[in-house]
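*Asks:* fold the stuff below for me.
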Amino acid sequence: MNTWVKVVAIVSVAASLGACSGMSRQDRDTAIGAGVGAVGGAALTGGSALGTVGGAAVGGVVGHEVGKR
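*Replies:* Numbering: from 1, shown residues only. Reported below is the predicted structural model:
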């Protein structure tokens, strides 16, 4: 089950990146950061929902701040 969750998360992130074409650079960086953070959080916590959501939140904030430059 954990492998399936990871595959779905990766496919979702990859599919959502196609929607980034009309976004500003900061918006795109926020979305990418949230996606990477979600995958990282899921991997680090063994697929826990809390870890995935926490990773997405942290990644989104980091991506948002990186996009300000």
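*Asks:* show me what contacts the nearest residue to Ala43 once chain neighbours are set aside?
*Replies:* Closest residue to Ala43 apart from its sequence neighbours, by C-beta to C-beta, 6 or more residues apart in numbering: Lys6 at 6.8 Å. C-beta: built from backbone N, CA, C; applies to glycine. Counting by C-beta atoms under 8 Å, 6 or more residues apart in numbering, Lys6 touches 39, 42-43, 47.
*Asks:* again with Gly46
*Replies:* Applying C-beta under 8 Å, 6+ apart, one finds that Gly46 lies in contact with Asn2.
*Asks:* specify the local secondary structure of it.
*Replies:* coil (DSSP: H, G, I helix; E, B strand; the rest coil).
*Asks:* in which helix or strand does Ala42 reside?
*Replies:* Remark: Ala42 resides in helix 25-44, with elements defined by DSSP states H and E.
*Asks:* next, the angle helix 25-44 makes with the next helix or strand after that helix.
*Replies:* Moving toward the C-terminus from helix 25-44, the next helix or strand (DSSP H and E) is helix 49-67. Orientation note: helix 49-67 sits at an angle of 150 degrees relative to helix 25-44 (axes from the mean of the first three to the mean of the last three C-alpha atoms, to 10 degrees).
*Asks:* check which residues of helix 49-67 are buried.
*Replies:* 51-52, 54-56, 58-60, 62-64, 67 (16 or more other C-beta atoms under 10 Å).
*Asks:* in the helix holding Ala42, what's buried?
*Replies:* Neighbour-count burial for helix 25-44 flags 28-42 (criterion: 16+ other C-beta under 10 Å).
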